[in-house]
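here is a sequence with its predicted model. Questions after.
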Amino acid sequence: MKTVYLYLGTLMIYVLLDLLFINLFAKSFIQRQVGSLLAVKPNWIAGLIFYFIFSAGILHFAVMPSLSLKAALWNGAFLGLLCYATYELVNKALLTGWPWALVLVDLIWGVVVGSLTAGLSWYIRNQWIN
């Protein structure tokens, strides 16, 4: 049961950080970069599926195996880079005019959000759940 609570906490941390980033910092940047490709309404089902999968990945690959906060931060950063690079670089490879600026910003965000989510989740695991 502790793992379920930790997963839900990890999910909440990630969703909160990502939605804050998108709405406070990145919305106008993304609009300028690929505005013509954006849906009028986001596909929330697809977004939620990604949030669930990424949070599970952070927990499995970055939080649970890490013996220290530093390890969790590094593992989360790498997983964030891996996931966000997969999306951005496939888009860059296949979509005409996909901007390098968006690739760079999203890769940096993937590293930051992966690291922060893993670090906070690791802290919760070690301070509140264990």
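That came through fine. Numbering: from 1, shown residues only.

which residues in this protein form helices?
2-20, 27-34, 44-57, 69-94, 100-124 (DSSP state H).

and among those, the most buried is which?
Comparing these by mean neighbour count (mean count of other Cβ atoms under 10 Å), helix 100-124 ranks first with a mean of 20. Any C-beta I mention is one placed from the backbone N, CA and C, and that applies to glycine too.

what's the angle between that one and helix 27-34?
140 degrees (axes from the mean of the first three to the mean of the last three Cα atoms, to 10 degrees).

show me where this structure dips below the pLDDT cut-off.
Scanning the chain for pLDDT under 70 picks out 130.

how does it look with 50?
Scanning the chain for pLDDT under 50 picks out no residues.

now residue 64. Nearest residue, chain neighbours left out?
residue 125 (7.8 Å; Cβ to Cβ, 6 or more residues apart in numbering).

that neighbour and residue 7, how far apart?
Residue 125 sits 11 Å away from residue 7, going by Cβ to Cβ, to the nearest Å.

quick one: closest of the helices of the chain to residue 63.
helix 100-124 (4.7 Å; Cβ to Cβ).
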